[in-house]
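>>> Whatever this is, show me its structure:
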Amino acid sequence: MKLAGKMFVVTMMVMILAGNVLAGDDKAPATTATTDVIVKNLLIGLTSDNCGVEHDAACMLGDFKSSKAVIPLLKILHDDKDCDCCRVVAALALARIGDARGTYAVKQAVKFDQSRRVRNICAYYYNEYVKAGSFQFIVERETGELVAVAMPDR
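Now for the predicted structure:
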């Protein structure tokens, strides 16, 4: 079995265990050591060439609210210009983690990301997980497309 295949199998096993821990499964007691091992392996999953493994690892790290994941997720949000999906998942995880660095980056992505889709989804995540009412969604007259607009602080 090639190294990439082995990494995929190991990462999938870690994600199953992580899901059991998050769900409170009695067969997988949630000890600090277990959680640390899971987070460590999910951080490795963020560097995978397999898009599905990377997405799942980012989502699980958001579920764990792992502050150790903030910097790698910021890198994905800023640097992965080939895949909108990767930036969207990174933004979700950052918003769910709630670290100030990550939430600031999500808010900045609403203004500066090259993709309208990513900008709008980041605005939604910011409204949902960080501060409700920060953005309003309107339909642009010329194109008929949905656009996120920042609301003034009250």
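
>>> After the helix or strand harbouring I44, which helix or strand is next?
Per DSSP states H and E, I44 falls inside helix 32-45. Next helix or strand after helix 32-45 toward the C-terminus (DSSP H and E): helix 51-64.

>>> Helix 32-45 and that following helix, what's the angle between them?
What separates the directions of helix 51-64 and helix 32-45 is an angle of 140 degrees, with axes from the mean of the first three to the mean of the last three CA atoms, to 10 degrees.

>>> Please save the CA atoms from helix 51-64 in PDB.
C-alpha atoms of helix 51-64 as PDB (Å, rounded to 0.1, in the frame of the first residue of the first chain):
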ATOM      1  CA  CYS A  51      -9.200  16.900  -0.500                       C
ATOM      2  CA  GLY A  52     -11.800  14.900   1.400                       C
ATOM      3  CA  VAL A  53      -9.400  14.100   4.200                       C
ATOM      4  CA  GLU A  54      -8.400  17.800   4.400                       C
ATOM      5  CA  HIS A  55     -12.100  18.900   4.600                       C
ATOM      6  CA  ASP A  56     -13.000  16.300   7.200                       C
ATOM      7  CA  ALA A  57     -10.000  17.100   9.300                       C
ATOM      8  CA  ALA A  58     -10.800  20.800   9.200                       C
ATOM      9  CA  CYS A  59     -14.400  20.200  10.200                       C
ATOM     10  CA  MET A  60     -13.400  17.900  13.100                       C
ATOM     11  CA  LEU A  61     -10.900  20.400  14.400                       C
ATOM     12  CA  GLY A  62     -13.700  23.000  14.400                       C
ATOM     13  CA  ASP A  63     -15.800  20.600  16.400                       C
ATOM     14  CA  PHE A  64     -13.000  20.100  18.900                       C
END
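
>>> on contacts alone, who are the packing partners of it?
In terms of contacts (3 or more CB pairs under 8 Å, 6 or more residues apart in numbering; DSSP states H and E), helix 51-64 is packed against helix 3-23, helix 32-45, helix 70-79, helix 84-97. In short, each C-beta sits where N, CA and C put it, glycine included.
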